[in-house]
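Asker: Here is the input, now give the coordinates:
(chains A and B)
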There are 2 protein chains.
Amino acid sequence: MERHFDQEFSKLKDKILEMGNHVQAAVDLAIRGLTERNTDHFAQVHEIEKNINLAHLDVDKFCIRLFARQSPLGADLRLVFSVVKINADLERMGDQAVNIAYNGKDYLTRPPIKELVDLPKMGEEVKTMVRDALAAFFTLDVEQAKKVLMNDDVVDELKNKIFNELSSMMKANPAVVDGALDLILIARNLERLGDHATNIAEAAIFDANGEDVRHGKDKT
Amino acid sequence: MERHFDQEFSKLKDKILEMGNHVQAAVDLAIRGLTERNTDHFAQVHEIEKNINLAHLDVDKFCIRLFARQSPLGADLRLVFSVVKINADLERMGDQAVNIAYNGKDYLTRPPIKELVDLPKMGEEVKTMVRDALAAFFTLDVEQAKKVLMNDDVVDELKNKIFNELSSMMKANPAVVDGALDLILIARNLERLGDHATNIAEAAIFDANGEDVRHGKDKT
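Answerer: Next up, the predicted model:
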């Protein structure tokens, strides 16, 4: 017979995975708003973020109730504890997607810049990171979680490359300053999204083997 | 007789307040590194952040133990739950201070820009927000918490002003592009620090009266 805790945790898992899907959809639409130059996509990001926020409150309440009614211990307690943090990460990711939508809307009012540099590529990496980090957490798959940490290095490198390219463009042509700044802020938001996915992957490793890797690697 | 929970929560409070002091010191040093053009201050920020990270792990362990041994309920449960989240906020604030130190170090290698615009003022506001948000949380002072939310609007306005000033400078003089970009990223980090302090203030309001204000105001 399945333990009551397992039944409840399974519901929590579904809620978190749905939030993860929302985050991926929000990132996807935010970037497509840029590539397709379509502000409707940005409006949709705001709608999705509202759902993420509602889910965030719902998950918090669910976890508080679970603590109160089940008083989980040991590995169960650690899992719920991690979900509380993952929930916060996912909520912040919604904020980041909204930031991209804001900056993206500004960007579309300016002359376009060379093929959006590597932003779409960065967006794809981040979406993969979110999906894989949550999968790794719920299967406690350390190898998959470690892959997410490596993907974060790729995201950081892309961000550095984008920064360098855009600052060169700004120096060469003052007319692109505003647009390039928008893209720099978008790259920064994508980097932050990657950091949040990294937090989730670190929670997966923590819960899989009690190894706390959270401060082994300095985040920048 | 004081309840055992109260004794334990009092220890937790001291740990969190000490983390808050570390965060304030880190922000202070990061900004002084800029104003005094002294890279030693940046090095100290990294040292402080290591302490914040250790405290973060310590608080997490303490909370897990508290959940396991005391199975808090009702208001007690909500308080510990909030501390788990505040702990995560403070840890991220350490990351943000380190980001400022990195960008600040880059900035000092470039020709200085007009009086660092309003960055020092923004830094002061943020330090005040951290102090007041934690005080509001531990006294459940809703008025003080609401003041922090208003301070966050001031921080956001300062950031917008700084962005506008710096982008104008970049357009007028391509030689300042790199330095101005450093300062823009620093302003962005300060804004994020303010957002984390806002999260803490919102937790204060939540725990004071069960009113969840977290998604009443969209963060940008």
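Asker: can you pull the pLDDT of the residue nearest the centre of chain A?
Answerer: Residue closest to the average C-alpha location in chain A (Cα atoms, centre = their mean): residue A:193, at 3.8 Å. pLDDT, residue A:193: 97.
Asker: Then residue A:216?
Answerer: We have a pLDDT of 57 for residue A:216.
Asker: Kindly report the same for residue A:3.
Answerer: 86.
Asker: And for residue A:44?
Answerer: Reported pLDDT for residue A:44: 98.
Asker: Three-state assignment for it, please.
Answerer: helix (DSSP: H, G, I helix; E, B strand; the rest coil).
Asker: Ok, the one 10 residues further on next?
Answerer: For residue A:54, the secondary structure call by three-state DSSP comes out as helix.
Asker: That one - how many residues pack around it?
Answerer: Around residue A:54 there are 12 other residues, counting by other Cβ atoms under 10 Å in any protein chain shown. C-betas here are computed from N, CA, C, even on glycine.
Asker: And it, how close does it get to residue B:149?
Answerer: Distance of residue A:54 to residue B:149, given as Cβ to Cβ, to the nearest Å: 21 Å.
Asker: now do residue A:150
Answerer: From residue A:150 across to residue B:149, the span is 39 Å (Cβ to Cβ).
Asker: residue ranges with poor pLDDT in chain A?
Answerer: A:1, A:115, A:210-220 (pLDDT under 70).
Asker: for it, what spans make up the helices?
Answerer: A:4-35, A:39-70, A:74-107, A:119-139, A:142-172, A:177-209 (DSSP state H).
Asker: could those be laid out in CSV, adding distance to residue B:34?
Answerer: Output for those, formatted as CSV (distance: least, Cβ to Cβ, whole Å):
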stretch, distance to residue B:34
helix A:4-35, 32
helix A:39-70, 34
helix A:74-107, 25
helix A:119-139, 29
helix A:142-172, 19
helix A:177-209, 19
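Asker: Number of residues surrounding the closest residue to residue A:51 other than its chain neighbours?
Answerer: Counting by Cβ to Cβ, 6 or more residues apart in numbering or on different chains, the nearest residue to residue A:51 once its immediate chain neighbours are dropped is residue A:22, at 5.7 Å. Other residues near residue A:22 number 22, with proximity taken as other Cβ under 10 Å.
Asker: The one 3 residues further on now?
Answerer: Residues contacting residue A:25 under the criterion other Cβ under 10 Å number 17.
Asker: Surely it touches residue A:48?
Answerer: Yes: with contact defined as Cβ atoms under 8 Å, residue A:25 counts as touching residue A:48 (5.7 Å).
Asker: which residues are in contact with both of those two?
Answerer: Counting by Cβ atoms under 8 Å, 6 or more residues apart in numbering or on different chains, residue A:25 and residue A:48 have no common neighbour.
Asker: which residues does residue A:171 contact?
Answerer: Going by Cβ under 8 Å, 6+ apart, residue A:171 touches B:174, B:175, B:177.
Asker: Oops, could you answer that again for residue A:104 instead?
Answerer: Counting by Cβ under 8 Å, 6+ apart, the residues that residue A:104 touches are A:30, A:33, A:34, A:42, A:182, A:186.
Asker: For stretch A:51-62, list the C-alpha coordinates in CSV.
Answerer: The C-alpha coordinates for stretch A:51-62 follow below in CSV (Å, rounded to 0.1, in the frame of the first residue of the first chain):
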residue,chain,number,x,y,z
ASN,A,51,-0.5,31.4,-13.4
ILE,A,52,3.0,30.7,-12.0
ASN,A,53,2.3,33.1,-9.2
LEU,A,54,-1.0,31.4,-8.3
ALA,A,55,0.7,28.0,-8.4
HIS,A,56,3.5,29.4,-6.2
LEU,A,57,1.0,30.4,-3.5
ASP,A,58,-0.8,27.1,-3.9
VAL,A,59,2.4,25.0,-3.5
ASP,A,60,3.5,27.0,-0.4
LYS,A,61,0.1,26.3,1.2
PHE,A,62,0.3,22.6,0.2
